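A.B. asks: here is a sequence with its predicted model. Questions after.
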Amino acid sequence: AGIVTDPQATRTQAPSVHATTQRSQIEQLCRDTVRGFACLRLSLGAYGQALVACTRSEIKMQTLRAAQPAQQLLVISNKPMYKLPLHQAPANPSKQTSKPAAAIDRTVNSQWPARGYRRRVVASAAAGDAAYSAKPDSGKSNYWDCTFALTKAIIGAGMMPIPHAFNLLGWVAAVGMLVGVAAITYWTNTVMVQGSADTGEGSYASLVGRLVGPAGAGLLQAALFGFCFGVMAVYLVVIGDILAGAPGAANGLMTELFGITSGPLLQRSNVILGVAAAVCAPLVAIRDISKLSVFNILGVGAVMLLAATAGLLGLTAVITGVAHVPPAVPNLAAFGDTPLKIAMGMAGVVPIILNCYVGHQSIHGIMAMLKPYSVSEMKAVCGGSLAMGCVIFLVLGLGSVAAFGAGVDANILNNLSATGMAPLIGSQLASVMSVIVRGGFLVSLLGSFALLMFPLRTCLIELLWNKQLSAAGSGPAKAAVTAELESKHYTVLTYGILASTVATAVLVPDIWAALSIVGDLASTVQAFVVPALIGLALAAGKHLQGAKGAAALDGSSSSNAGMQKLMSVIVLAMGVTLFGNGILQRVLA
């Protein structure tokens with residue numbers, strides 16, 4: 001009341017002082033808001049695209065309440081503005097406007113589609129906000145930064161048994177398994193991304209707790225903790241072997257570079273302790289995951305160099321006429337002497353392949369890093385990282401088998417030593433390549449170790465402070481409490497985890513038994529079972545608040561829900577079968 005919006009009327013009328021003051025407040029609010037608009041794209045199904053406009057303006061709540069009632073406000077300080085559709089976006093974000101906030105709000109409300117669509121869009125856009133609120137502002141990033149970061153989280157020591165798997169399965173089954181597991185993993189990643197968009201949850205555990213329930217969240221937390229902790233310990237063991245060499249062999253980098261052939265410096269436990277104190281301790285002190293971007297790119301490059309070296313060795317073997325023909329069919333005798341043992345043994349290779357692709361524990365950290373955030377862009381990041389990993393694994397497997405044949409070790413780094421490569425490329429070049437390749441992989445493992453600290457720390461927080469986080473609710477509120485707890489207990493949690501993984505690495509020398517257990521009992525749960533349960537919950541419409549589940553879905557959504565339900569059932573059956581196979585193998589052994 002008392003606000004004059006017609007310019008002609010402004011010249012002919014003399015509004016009251018109160019009306020003029022109120023109008024100027026509203027106009028200033030609109031100008032400050034429009035200056036901060038930054039447009040993000042969202043995929044909105046059959047309705048097309050809508051705009052998520054963001055503002056970073058610091059607007060005092062007293063001014064907002066004076067200008068417009070709280071329930072009608074379009075702006076929340078430092079939070080994304082989700083209610084502005086595409087056709088309402090200003091052509092020039094810096095252009096000022098004097099349109100009252102109430103008029104903008106009425107226009108948006110009248111033009112937004114019905115049937116709960118607006119609520120789902122708000123939840124979709126809120127996923128990025130939930131992730132951002134859990135971490136400090138990491139600055140501008142892009143697609144490739146995030147793709148390399150996720151690829152680095154995926155690729156690690158789990159790739160070393162791939163050449164041995166080619167010898168066991170034959171190249172036909174091995175290639176099919178690598179591509180098939182990558183495709184299924186992409187589906188599980190996209191289910192997680194879409195679930196976070198639909199619910200606004202900012203971590204894997206909170207997403208599962210929201211859609212699957214407390215039992216599912218507990219199962220996931222146990223699997224995440226076991227996976228991250230076990231793999232980090234394995235990384236330290238492999239780092240010790242790279243530097244000190246295999247026990248009793250004295251063929252590590254310290255021998256090749258510094259000529260050390262014996263003594264306490266070549267004891268793996270001492271090497272692990274030294275690396276943990278000198279390198280790992282400073283790395284895990286980094287609180288912003290985006291600061292590892294350069295480290296991630298170097299690490300991915302090192303892994304690519306490892307795969308390229310294996311591929312070039314295979315090509316060299318072909319050119320010189322000494323190449324080994326990769327077997328096309330499985331080596332059944334290597335799995336057992338009965339049909340049951342053969343079937344169980346071949347099924348046991350799947351978790352080993354799955355270990356190579358597991359990066360689910362890092363998805364939400366990458367979501368927080370991706371700017372500008374959108375669901376479609378995050379799915380593209382997942383697809384790009386998995387495709388990059390699949391190519392690396394194929395080159396590594398085929399090249400290694402062609403170069404070394406049946407002599408491929410379960411740890412391919414043992415074949416890529418100076419003595420292993422010398423018959424193919426000569427002793428001098430083999431010595432240089434051994435240092436470069438193994439040194440590069442050492443960098444890769446250190447980067448993976450630092451990345452895994454983020455989800456492991458978050459998982460431990462959710463285990464230790466479960467009641468406090470449950471009381472905080474879900475979405476941005478829970479993410480904010482998690483961030484506060486992480487900041488308060490950061491040092492104790494981080495270095496407590498580091499000390500525990502170092503102790504485990506020193507006490508457990510058999511990394512392959514550990515990797516097998518991690519794959520069977522942890523990777524299958526977090527990469528197959530839990531995402532499948534999320535998919536079933538989304539297909540049932542559990543994320544649609546205020547609606548009766550699937551009844552709120554239209555015809556097109558119901559069709560998509562049916563396909564998602566079918567895929568979820570298949571993946572769930574696979575995960576449960578592999579989990580049970582792992583337990584049965586250990587019982588029979």
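C.D. replies: Right, received. Where do you want to start?
A.B. asks: got the contact list for the residue nearest to Phe449 when sequence neighbours are not counted?
C.D. replies: Among residues not flanking Phe449 along the chain, Tyr235 sits closest, at 4.9 Å (CB to CB, 6 or more residues apart in numbering). C-beta coordinates here come from the backbone N, C-alpha and C atoms, glycine included. Shown in contact with Tyr235 (CB atoms under 8 Å, 6 or more residues apart in numbering): Gly156, Ala157, Leu445, Ser448, Phe449, Leu452.
A.B. asks: cool, and Lys478?
C.D. replies: Contacts for Lys478 were tallied using CB under 8 Å, 6+ apart; they are Glu201, Gly202, Ser206, Leu469, Ala472.
A.B. asks: now the helix ranked longest in the chain: buried residues?
C.D. replies: Longest helix of the chain, by residue count under DSSP state H: helix 427-464. Buried positions in helix 427-464, judged by neighbour count with 16 or more other CB atoms under 10 Å: 430-431, 433-434, 437-442, 444-463.
A.B. asks: please apply the same query to stretch 180-193.
C.D. replies: Val181, Ala182, Ile184, Thr185, Tyr186, Trp187, Thr188, Asn189, Thr190, Val191, Met192, Val193.
A.B. asks: contact partners for the residue nearest to the spatial centre of the chain?
C.D. replies: Central residue of the chain (CA atoms, centre = their mean): Ile363, 2.4 Å from the mean position. Contacts for Ile363 (CB under 8 Å, 6+ apart) come out as Leu150, Asn189, Met192, Val193, Tyr204, Cys382.
A.B. asks: and these as a markdown table, adding pLDDT, distance to Ser374 and secondary structure?
C.D. replies: Formatted as a markdown table, the contacts of Ile363 follow (pLDDT from 0 to 100; distance: CB to CB, whole Å; DSSP: H, G, I helix; E, B strand; the rest coil):
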| residue | pLDDT | distance to Ser374 | secondary structure |
| --- | --- | --- | --- |
| Leu150 | 89 | 16 | helix |
| Asn189 | 95 | 15 | helix |
| Met192 | 94 | 15 | helix |
| Val193 | 94 | 10 | helix |
| Tyr204 | 85 | 20 | helix |
| Cys382 | 94 | 13 | helix |
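A.B. asks: list just the nearest of those residues to Gly301.
C.D. replies: Nearest to Gly301 among these: Leu150, at 15.3 Å, using CB to CB.
A.B. asks: my guess is that closest one meets Met388, correct?
C.D. replies: No: with contacts counted by CB atoms under 8 Å, Leu150 stays clear of Met388, the gap being 9.2 Å.
A.B. asks: and for the nearest residue to Ala233 once chain neighbours are set aside, the neighbour number?
C.D. replies: What sits nearest to Ala233 in space, not counting adjacent residues and going by CB to CB, 6+ apart, is Thr504, at 4.1 Å. Look at Thr504: counted by other CB atoms under 10 Å, it has 17 neighbours.
A.B. asks: swap in Gln267?
C.D. replies: Neighbour tally, Gln267, other CB under 10 Å: 15.
A.B. asks: which parts of the chain are strands?
C.D. replies: With DSSP state E as the criterion, the chain has strands at 39-43, 49-54, 80-81.
A.B. asks: report pLDDT for Lys83.
C.D. replies: Predicted confidence (pLDDT) for Lys83: 32.
A.B. asks: Ala307 against Cys390, yeah?
C.D. replies: No: counting by CB under 8 Å, Ala307 sits too far from Cys390 to count as a contact (11.0 Å).
A.B. asks: which of the two has more neighbours?
C.D. replies: The neighbour comparison of Ala307 against Cys390 (other CB under 10 Å) goes to Ala307, with 24 against 20.
A.B. asks: how near is that one to Gly440?
C.D. replies: Separation of Ala307 from Gly440 (CB to CB, to the nearest Å): 11 Å.
A.B. asks: of the contacts of Tyr235, closest to Ile242?
C.D. replies: Among those, Leu445 lies closest to Ile242 (CB to CB), at 7.9 Å.
A.B. asks: which residues does that closest one contact?
C.D. replies: Residues in contact with Leu445 (CB under 8 Å, 6+ apart) are Gly156, Ala157, Tyr235, Val238, Ile239, Ile242.
A.B. asks: one more: Gly158?
C.D. replies: Applying CB under 8 Å, 6+ apart to Gly158 gives the contacts Val231, Ile352, Asn355, Cys356, Val358, Leu515, Gly519.
A.B. asks: ok, the first one to Ser434 distance?
C.D. replies: This points to Val231. Distance of Val231 to Ser434, computed by CB to CB: 25 Å.
A.B. asks: rewinding a little: quick one: least confident of the contacts of Gly158?
C.D. replies: Minimum pLDDT across these is recorded for Leu515, with 77.
A.B. asks: residues contacting it?
C.D. replies: The contact partners of Leu515, taken as CB under 8 Å, 6+ apart, are Ala157, Gly158, Pro161, Gly230, Val234, Ile352, Asn355.
A.B. asks: give the closest residue to the first one in space, chain neighbours not counted.
C.D. replies: Put plainly, it is Ala157. In space, Ala157 comes closest to Val238 once its chain neighbours are excluded; the distance is 4.8 Å by CB to CB, 6+ apart.
A.B. asks: thought that neighbour was touching Val231?
C.D. replies: No: between Val238 and Val231 there is no contact under CB under 8 Å: 10.3 Å.
A.B. asks: out of the two, which sits in the more crowded spot?
C.D. replies: Of the pair Val238 and Val231, Val231 is the one with more neighbours under other CB under 10 Å, namely 26 against 20.
A.B. asks: the more buried one: what's it in contact with?
C.D. replies: Gly156, Ala157, Gly158, Ser448, Leu452, Val518.
A.B. asks: now Tyr357, what are its backbone angles?
C.D. replies: Main-chain torsions, Tyr357, degrees, to the nearest 10: phi -110, psi -10.
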